[in-house]
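K.L.:
3D model of this:
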Amino acid sequence: MRRLDSPVDPASETFRQARLKLSGGDYAGATDAFQDFLARFGTNPRAPEARYLLGESLFAREAYPDAARAYAESLKGWPTAAWAPDGLVKLAQALEHLNRREQTCSALGEFDRRYAARATAEVKERAAATAEQARCTVAAEAAAPAKAAPAKRTTSRTARTHTE
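P.N.:
Next up is the predicted model:
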């Protein structure tokens, strides 16, 4: 619990209030609050996360062009934050809503290269579903969760190959 005599960090409090609005389903309020945070504290270490969460509020409001821009800005420098894999998939989803197939597939290819190995199963499933919807053949295969395949015998008596 915060002591009554301790100073309140305005950036932390603004970020906290914006997150509360987002988690409470007040997407318009969250959009305004994250935009305010970024206008006032754009160099704060939490600014990339604020841009990602701004994208979340915009995506929920179906403001896909602005959501795509917010997600793209949040990913500058390819952060290693826990939200980064989801941010890249959400960028791809926003681009898919805008019928920008080539960019959708490119984003999913980047997801596979940069984040798929550490992404959650849920994020990988959304990546695969988005790739399928956009008809990204390579990205759909790469983003899909790995499935074990049975071993196949070759014509050689000692060699076995495995497909993954």
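
K.L.:
list the contacts for H97?
P.N.:
By Cβ atoms under 8 Å, 6 or more residues apart in numbering, the contact list for H97 reads E62, Y64. Placement of C-beta: from N, CA and C, glycine included.

K.L.:
Which pLDDT does the model give A33?
P.N.:
A33 is assigned 98 on the pLDDT scale.

K.L.:
same question, W78
P.N.:
Reading off the model, W78 has pLDDT 81.

K.L.:
how close does the nearest residue in space to it that is not next to it in sequence get to R51?
P.N.:
Spatially, and ignoring its direct neighbours in sequence, W78 is nearest to R114 (6.0 Å; Cβ to Cβ, 6 or more residues apart in numbering). Applying Cβ to Cβ, to the nearest Å, the value for R114 to R51 is 17 Å.

K.L.:
what do you get for A131?
P.N.:
For A131, the distance to R51 - Cβ to Cβ - is 24 Å.

K.L.:
Of the two, give the one with the bigger neighbour count.
P.N.:
The neighbour comparison of A131 against R51 (other Cβ atoms under 10 Å) goes to A131, with 28 against 24.

K.L.:
now for the host helix or strand of that one, which elements pack on it?
P.N.:
A131 is located in helix 121-134, with elements delineated by DSSP states H and E. With contacts taken as 3 or more Cβ pairs under 8 Å, 6 or more residues apart in numbering; DSSP states H and E, helix 121-134 sits against helix 84-97, helix 101-114, helix 137-143.

K.L.:
Now the weakest link among these, please, by mean pLDDT.
P.N.:
helix 137-143 (a mean of 53).

K.L.:
thinking again about what came up before, what is the orientation angle of the helix holding A131 with helix 84-97?
P.N.:
With axes from the mean of the first three to the mean of the last three Cα atoms, to 10 degrees applied, the angle from helix 121-134 to helix 84-97 works out at 20 degrees.

K.L.:
got the angle between helix 121-134 and helix 101-114?
P.N.:
Using the same axes, to 10 degrees, the inter-axis angle of helix 121-134 relative to helix 101-114 is 150 degrees.
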